[in-house]
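Peer 1: The sequence isn't on hand, but the structure is:
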């Protein structure tokens, strides 16, 4: 019994000694950081837009008549000058023959009037004819010459109208649906639309850029903050409706100088090669427009940027004393898998990219690269 009491007393004394000692401090949490530096980053703007044909030709009737035949396959490719339709040429051949006959008659009359004027010129010297008769002969010769010119013009008009009975494609491209069939009556006065041909290689892409974006870009270029690529021709890439990237790159053609008052945007037109006809007129696309280079930007991995309750982009940095500080940054765009930071960070600062959940501003940490 005494032995047991002594053992308990020893344990109480030992426990008091342990409590009196301080508990060992936990080591500072370890975080992964990246050191940020100013670098050159392309300024990329993503804009919505639609495709439009490079050339569009509406094929319309230029003479009246019955369509005899169609000579193309709908949706196929046609060449400039290829015959598409045949309009009944019979009345126009008859009109040409009539004009040719009138021309021959006028030419014969001119020959007779010319001979008469030459004879009168000789006779007037010997007073064989009066001066009035000679003057009348010269006038008749001039009128006959005018009749020949008028008849020749009528022949040319008749030939043109006859040529219009062969309805040809004005451009090389892809033809659409036929709006008339053999047996249909078309009219020149109504300019009957027969079909449409569109050239889609190359093809236009019309983009909509807000006037605010355009104004900011012009200011950045003027201040030297942005440097344009090449001779004012920016590189443009496309994302199709299903999210895939179009394999060909385009070039910027022009930026419209008029702001649409309804949308507050301006039209930016780019042209793309389209050899496989993947792009069709009217398709909705998204274009990435490289407008220049920002030499003052910093790149921060996306996992190192968070948003506060106000929606502001923030990052945690490790100072020279290994203490964590929170910074509000300006990160409005991405480049690959990184945020493009244009303000809020200083050259050479260390941004935490791993271990964010273990730290708070003001804590001391151990930073590893």
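Peer 2: Right, received. Where do you want to start? Please read these numbers as outputs of a predicted model, since none were measured by experiment. Residues are numbered from 1 along each chain as shown.
Peer 1: which stretches of the chain have low pLDDT?
Peer 2: Low-confidence segments of the chain, defined by pLDDT under 70, are located at 1-24, 217-218, 220-221, 224-234, 291.
Peer 1: could you point out the longest strand in it?
Peer 2: Counting residues, the longest strand found in the chain (DSSP state E) is strand 38-60.
Peer 1: and that one, how far out from the chain's middle?
Peer 2: On the basis of CA atoms, centre = their mean, to the nearest Å, the separation between the geometric centre of strand 38-60 and that of its chain is 2 Å.
Peer 1: Kindly report the same for stretch 280-294.
Peer 2: 7 Å.
Peer 1: cool, and stretch 304-323?
Peer 2: Counting by CA atoms, centre = their mean, stretch 304-323 comes out at 40 Å from the chain centroid.
Peer 1: who are the neighbours in contact with residue 95?
Peer 2: Residue 95 makes contact with 158, 161, 162, according to CB atoms under 8 Å, 6 or more residues apart in numbering. All C-beta spots, glycine's among them, are computed from the backbone N, C-alpha and C.
Peer 1: Quickly note the distance from it to residue 154.
Peer 2: Here the criterion is CB to CB, to the nearest Å. By it, residue 95 lies 9 Å from residue 154.
Peer 1: Ok, residue 345 next?
Peer 2: Using CB to CB, which is the criterion applied here, residue 345 is 83 Å from residue 154.
Peer 1: returning to that earlier point: return the member of the contacts of residue 95 nearest to residue 313.
Peer 2: Closest approach between these and residue 313, by CB to CB: residue 161, at 71.2 Å.
Peer 1: so who does that closest one touch?
Peer 2: Residue 161 makes contact with 63, 92, 95, 96 under the criterion CB under 8 Å, 6+ apart.
Peer 1: what does residue 249 give?
Peer 2: 235, 236, 237, 272.
Peer 1: Equivalent analysis for residue 361, please.
Peer 2: Counting by CB under 8 Å, 6+ apart, residue 361 touches 316, 324, 325, 326.
Peer 1: I'd like these laid out as JSON lines, including distance to residue 333 and secondary structure.
Peer 2: Supplementary listing: these in JSON lines, determined by distance: CB to CB, whole Å; DSSP: H, G, I helix; E, B strand; the rest coil:
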{"residue": "316", "distance to residue 333": "21", "secondary structure": "strand"}
{"residue": "324", "distance to residue 333": "26", "secondary structure": "strand"}
{"residue": "325", "distance to residue 333": "24", "secondary structure": "strand"}
{"residue": "326", "distance to residue 333": "22", "secondary structure": "strand"}
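Peer 1: Can you flag the buried ones in the residues you listed?
Peer 2: Restricting the contacts of residue 361 to buried positions leaves 316, 324, with burial counted as 16 or more other CB atoms under 10 Å.
Peer 1: Turn the contacts of residue 361 into CSV, including distance to residue 299.
Peer 2: Output for the contacts of residue 361, formatted as CSV (distance: CB to CB, whole Å):
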residue, distance to residue 299
316, 17
324, 21
325, 20
326, 20
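Peer 1: how does the protein divide into domains?
Peer 2: Residue ranges for the structural domains of the chain, counted by automatic domain parsing, are given in the record as 33-52+201-368, 58-87+165-200, 90-164.
Peer 1: Identify whichever of those lies nearest to residue 27.
Peer 2: Of all the domains of the chain, the one in closest proximity to residue 27, counting by CB to CB, is domain 33-52+201-368 (7.3 Å).
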